[in-house]
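**Q** 3D model of this:
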Amino acid sequence: MTPDIDTARAQVQEAADALRQRVGDSARVGIILGTGLGKLAEEIDARETLSYDEIPHFPLSTVESHDGRLIAGTLRGVEVLAMQGRFHLYEGYSAWQITLPVRVMAALGVEALLISNAAGGMNPLYRRGDLMLTTDHINLQGANPLTGPNIDEWGPRFPDMSAPYDRELRDTAEAAALERGIRLQQGVYVAVVGPNLETRAEYRFLRGIGADVVGMSTVPEVIVARHQGLRCLAISVVTDECFPDALEPVSIEDVLAAAAEAEPKLTTLMGDVVASLA
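**A** Modelled structure (predicted):
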């Protein structure tokens with residue numbers, strides 16, 4: 001739940017003021033890099049790199065594969081703020097805490113948010129290592145970052161979610177993938193809490209309600225970004241094949257290995273989308 005209005009405003013303002021002093025407020029593109037997908041940060045011409053513990057009110061990333069750094073710099077000539085590692089409900093944080101960085105990015109003038117994540121593929125046409133462009137999502141996390149008092153200057157009480165993922169940005173990603181020969185699926189992302197992976201019955205259920213991949217992030221950040229009027233794009237790396245009748249045990253090492261194999265494609269595609277925003 002969002003804290004009281006004065007506390008919420010103060011936390012965002014304090015974090016934004018601290019970052020403004022360190023990195024300025026020229027970035028118009030925000031990037032959130034998920035599990036095993038932090039190498040895009042190496043493509044950024046970094047002006048400043050801050051650990052999350054240097055930023056007021058930021059949570060600390062507890063997942064080993066998340067570096068927990070905010071990078072300010074340029075990517076393909078475009079000013080960006082990139083989170084190398086994110087936060088999750090399963091770490092014990094609230095929906096407000098895990099989306100605070102998006103509020104702060106908006107306060108600094110960011111207008112578009114690009115998100116990556118690792119996800120399990122349930123669509124039988126998907127294969128390990130594929131990229132999926134998110135066209136829509138389903139929130140099964142049992143939490144919503146907009147719960148609690150609404151701050152009207154941030155967004156409306158009842159924000160529309162008929163098109164959470166920007167059509168123009170998706171078209172750009174699709175065209176870039178076609179030009180570069182990158183296999184890019186398109187589908188629906190369902191968010192669950194985790195941290196355990198799903199049972200066979202749960203995969204059947206999630207596929208049955210219309211999801212193509214399943215993960216433990218992204219949706220809260222998109223809800224807050226859309227509440228604040230930011231354009232959103234999300235790309236999943238399919239790190240394992242979650243077909244109930246042929247399900248194999250999966251370890252975090254398997255997930256990280258799949259993410260690492262697909263990462264060059266994701267880095268290229270994200271870079272192309274960022275370049276289009278110049």
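
**Q** now do the contacts for Leu125.
**A** By C-beta atoms under 8 Å, 6 or more residues apart in numbering, Leu125 lies in contact with Gln185. The way it works is simple: take the backbone N, C-alpha and C, and place the C-beta from them, glycine included.

**Q** could you pull out the helices in the stretch 51-200 of the chain for me?
**A** Along the stretch 51-200 of the chain, counting by DSSP state H, counting those that start in this stretch, helices occupy 95-107, 167-180, 200-208.

**Q** how far out from the middle of the chain is the last one?
**A** Offset of helix 200-208 from its chain centre (C-alpha atoms, centre = their mean, to the nearest Å): 23 Å.

**Q** that older thread, who wins for proximity to Arg157 among the helices of the stretch 51-200 of the chain?
**A** Taking C-beta to C-beta, helix 95-107 is the member of the helices of the stretch 51-200 of the chain nearest to Arg157, at 16.2 Å.

**Q** who touches that closest one?
**A** Applying C-beta under 8 Å, 6+ apart, the external contacts of helix 95-107 come out as 1-3, 8, 11-13, 15-16, 19, 27, 30, 32, 55, 57-59, 70, 81, 83, 86-89, 113, 141, 143-145, 147-148, 154, 220-221, 223-225, 228-230.

**Q** out of the residues you listed, which are buried?
**A** Applying 16 or more other C-beta atoms under 10 Å to those, the neighbour count classes 2, 8, 11-12, 15-16, 19, 27, 30, 32, 55, 57-59, 70, 81, 83, 86-89, 113, 141, 143-145, 148, 154, 220-221, 223-225, 228, 230 as buried.

**Q** and the gap between Gly210 and Leu256?
**A** Counting by C-beta to C-beta, to the nearest Å, the gap from Gly210 to Leu256 is 28 Å.

**Q** before we move on, what about Gln185?
**A** Per C-beta to C-beta, Gln185 is found 21 Å from Leu256.

**Q** who has more neighbours out of these two?
**A** Gln185 (21 against 17; other C-beta atoms under 10 Å).

**Q** the inter-axis angle of the longest helix anywhere in the chain versus helix 167-180?
**A** The helix that spans the most residues within the chain, counting by DSSP state H, is helix 252-276. Orientation check (axes from the mean of the first three to the mean of the last three C-alpha atoms, to 10 degrees): helix 252-276 against helix 167-180 gives 110 degrees.

**Q** and helix 252-276, what's buried?
**A** Of the residues in helix 252-276, 252, 255-256, 258-260, 262-263, 265-267, 269-274, 276 count as buried by neighbour count, 16+ other C-beta under 10 Å.

**Q** what's the spacing between the most far-flung residue of the chain relative to its centre and Tyr203?
**A** In the chain, Asp245 marks the outermost C-alpha relative to the chain mean, sitting 29.7 Å out by C-alpha atoms, centre = their mean. Distance, Asp245 to Tyr203, by C-beta to C-beta: 10 Å.
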